[in-house]
Every structure is written in structure tokens, then in C-alpha cells.
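Colleague: got a predicted structure here, sequence first:
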Amino acid sequence: MFESGFLRIFSWRGVPVRLHWTLPLGAFLFGGWSLAPMFWLGFVLLVFLHELGHAVLVTRLRHRVVAIDITGFGGMCRWSGAATPIERAIISWGGVLAQLAALAVAASLAIAMPGLRHGPAASLLSVFLHTNLWLIGLNLLPLPPLDGATAWRIIPLLRRRGALADLRRALLPWPTRARRPSPRARDERPSPPAQPRNDRGMAPKELADLLRDIGNQARNARNDKHRRR
């Protein structure tokens with residue numbers, strides 16, 4: 001059903017963002033079959049943010065995002081890559097985390113500017129508050145094809161031995177910059193090997209300098225003797 005019938009509207013980092021023909025039907029359905037343009041706009045933005053959350057984590061884990069699709073019954077982040085089970089669980093949490101961030105921003109605006117709860121912006125604000133909460137709960141149900149079917153697998157995965165190391169490698173796929181050693185660490189470094197010494201206990205460079213000084217003193221003494229004559 002969602003393999004065709006899309007309209008590409010723009011690109012995000014080279015990834016096409018597409019709208020499906022079922023979008024108006026879904027907007028009417030979730031809007032209570034009423035004419036509510038601001039609600040429809042908020043619904044589309046919320047679905048886009050959800051799929052963008054998935055796309056950001058897919059990119060962060062060095063996989064390839066193919067497309068971001070927005071339909072009348074949700075959205076899809078199409079991606080490819082040989083992801084590990086723990087990486088798939090992390091990606092599944094991306095949409096809900098993006099929704100929680102949008103919820104925090106909307107709640108802050110509602111508290112800071114109470115006037116937004118009335119007038120044309122009220123419907124838009126309601127999407128990011130009430131509808132957003134409802135969709136978060138729905139998406140976290142452990143039933144396919146909802147995100148919860150994969151997202152909650154992260155709990156048994158983290159109980160395995162070495163799971164925290166796998167999680168750290170998944171979230172930090174790029175090598176970190178080497179830290180400069182602390183002064184204490186520099187002091188604890190092993191000292192360089194001593195230069196080889198002769199039988200008198202001197203290094204070759206020290207012996208050469210000593211011989212040079214002796215030669216200079218002898219030459220100066222001869223010059224002084226010739227001048228006194």
C-alpha cells in the first residue's frame with residue numbers, strides 16, 4: 001500500500017522527504033473529520049519529527065537513510081545497513097525521543113505564553129501536547145509494526161555480558177580524539193634510555209667536548225708562549 005503514490009516535497013541532507021496520497025484522509029480522521037488546517041499542519045510536522053528522529057540515529061550509527069515518508073497513518077524512515085540488534089533497538093527509540101523533545105518545547109511555550117492556548121495557535125499546540133502524548137503511548141506498544149516491538153528489546157540486550165561496551169561502540173562509532181596526557185601521566189613516563197658510555201663512564205658526546213676543550217687550551221697556551229718570545 002505504501003510502496004507507491006508518493007510526492008517528493010524536499011530533501012534533507014540528500015534524503016527525499018515524501019508525502020503519501022493518504023495524508024489528507026489521515027488528517028481528517030485524526031482531526032475528528034473537521035476542517036482544522038492548523039491541526040493538519042501540526043500532525044504532518046509531528047510525524048516528520050518522529051521519522052527525523054529515526055533518521056538522525058540511522059545516520060549517527062553510520063547506516064544509510066533512503067527516504068522519509070509521511071502517510072495518513074504515520075510515517076516510515078526507510079534505511080539500509082547491516083545493523084546489530086542493539087543498533088536496531090536504538091534506532092527504534094529515535095522517533096519517540098524526538099516526540100519527547102517536541103513535547104518539552106510545547107509545554108515550555110504553553111507555560112511561558114499562556115495566550116497560545118487560545119486562538120489559531122491552540123490547535124497547533126494541542127497536536128504537540130495531547131496528540132503527541134497519545135502517539136507516544138501508541139508507538140511504544142510492543143506490537144509490530146509499532147516501534148515498541150523493537151525498542152523494548154534493548155532491555156534484555158543490555159543484560160548480556162559486554163552489552164554496555166556494545167552500546168558505547170554503537171553510540172560512538174567515530175574514533176574520539178586522543179586526550180593530552182596529564183602532567184602526572186607525563187611524569188610517570190619511562191625515561192629515555194641512557195646514551196652508551198665508554199670505560200671512563202662518559203658519554204661519547206661528553207668525551208668529545210672535553211677533548212675539544214683540552215685542544216683549545218693547548219693551542220692558546222702555545223700562542224701565548226710565542227707572543228712572549
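Modeller: That came through, no problem.
Colleague: make it CA atoms for all contacts and neighbour counts henceforth
Modeller: OK.
Colleague: spatially central residue for this protein, please.
Modeller: Residue closest to the average C-alpha location in the chain (Cα atoms, centre = their mean): residue 60, at 4.9 Å.
Colleague: surely it meets residue 94?
Modeller: No - taking contacts as Cα atoms under 8 Å, residue 60 lies outside contact range of residue 94: 10.9 Å.
Colleague: count of residues packed around residue 84?
Modeller: 11 (other Cα atoms under 10 Å).
Colleague: and for residue 146?
Modeller: By the criterion of other Cα under 10 Å, residue 146 has 14 neighbours.
Colleague: what about it, distance to residue 164?
Modeller: Noted for residue 146: a distance of 25 Å to residue 164, by Cα to Cα, to the nearest Å.
Colleague: same deal with residue 121?
Modeller: Distance check for residue 121 against residue 164: by Cα to Cα, it reads 44 Å.
Colleague: try residue 122
Modeller: Between residue 122 and residue 164 the distance, using Cα to Cα, works out to 43 Å.
Colleague: how about residue 132?
Modeller: As for residue 132, its distance to residue 164 is 31 Å (criterion: Cα to Cα).
Colleague: repeat for residue 86
Modeller: When Cα to Cα is the yardstick, residue 86 and residue 164 sit 10 Å from each other.
Colleague: quick one: which of these two has more around it?
Modeller: residue 86 (21 against 13).
Colleague: beyond the longest helix along the chain, next helix or strand please.
Modeller: With DSSP state H setting the assignment, residue counts place helix 85-112 as the longest helix in the chain. Sequence-wise, the next helix or strand downstream of helix 85-112 (DSSP states H and E) is helix 121-126.
Colleague: send the alpha carbons of that following helix over as PDB?
Modeller: These are the backbone C-alpha positions of helix 121-126, laid out as PDB (Å, rounded to 0.1, in the frame of the first residue of the first chain):
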ATOM      1  CA  ALA A 121      -2.300  28.500  17.600                       C
ATOM      2  CA  ALA A 122      -4.400  26.500  20.100                       C
ATOM      3  CA  SER A 123      -4.900  23.600  17.600                       C
ATOM      4  CA  LEU A 124      -1.300  23.500  16.700                       C
ATOM      5  CA  LEU A 125      -0.200  23.500  20.300                       C
ATOM      6  CA  SER A 126      -2.700  20.700  21.100                       C
END
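Colleague: cheers, nothing more for now.
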